[in-house]
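[1] no sequence for this one, just the structure:
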């Protein structure tokens with residue numbers, strides 16, 4: 001109920017309508033901006049406090065309904081980039097045993113997330129984490 005009340009109060013003040021917010025989300029999504037950054041851009045540049053409050057759908061739901069597909073889930077990408085940073089540190093500092101343990105923990109988290117996303121059908125069944133492919137992802 002509060003979401004509908006927020007929506008009407010925002011449109012009264014001359015703010016963006018729900019369709020305008022959806023159009024902005026789709027435009028930014030097609031440019032390759034992540035869903036969390038879309039929310040930040042809308043908040044900071046367009047004074048949209050909550051996409052879900054105005055449109056009734058989350059940024060991810062809007063992108064999916066308009067056919068904008070992301071390859072990997074955003075949280076998985078962030079954890080993979082963290083593993084790449086740790087791996088780069090270990091290549092320069094091979095005796096850093098504490099960081100080796102940290103890399104093992106991060107890679108275990110990647111594998112747990114990947115298992116969840118494979119089970120939910122978001123990732124292909126044959127998707128596997130590989131350090132070399134992860135380094136390529138970080139360069140892109």
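    Looks like it arrived, so ask away. Bear in mind the structure is a predicted one, so any value in this text is a computation, not a measurement. Numbering: from 1, shown residues only.
[2] and the longest helix along the chain, average pLDDT?
    Ranked by residue count and defined by DSSP state H, the top helix of the chain is helix 97-120. Helix 97-120 shows a mean pLDDT of 96.
[3] how far does that helix sit from its chain's centre?
    17 Å (CA atoms, centre = their mean, to the nearest Å).
[4] what are the buried residues along it?
    Neighbour counts using 16 or more other CB atoms under 10 Å place 102, 103, 106, 107, 109, 110, 113, 114, 117 of helix 97-120 among the buried residues. To be clear about C-beta, it is placed using only N, CA and C from the backbone, and glycine gets the same treatment.
[5] helix/strand/coil for the nearest residue to the last one once chain neighbours are set aside?
    Leaving out its chain neighbours, the residue that sits closest to residue 117 by CB to CB, 6 or more residues apart in numbering is residue 123, at 4.2 Å. Counting by DSSP: H, G, I helix; E, B strand; the rest coil, the backbone at residue 123 sits in coil.
[6] phi first, then psi, for residue 123.
    Main-chain dihedrals, residue 123, degrees, to the nearest 10: phi -100, psi 150.
[7] so which elements touch the longest helix of the chain?
    Other helices and strands packing on helix 97-120, by 3 or more CB pairs under 8 Å, 6 or more residues apart in numbering; DSSP states H and E, are helix 74-92.
[8] now the helix it packs on: buried residues?
    Applying a neighbour-count criterion of 16+ other CB under 10 Å, one finds 76, 77, 79, 80, 82, 83, 84, 86, 87, 90 buried in helix 74-92.
[9] which residues are in contact with the longest helix of the chain?
    Defining contact as CB atoms under 8 Å, 6 or more residues apart in numbering, one finds that helix 97-120 is touched by 73, 75-76, 79-80, 82-83, 86-87, 89-90, 93, 123-125, 127-129.
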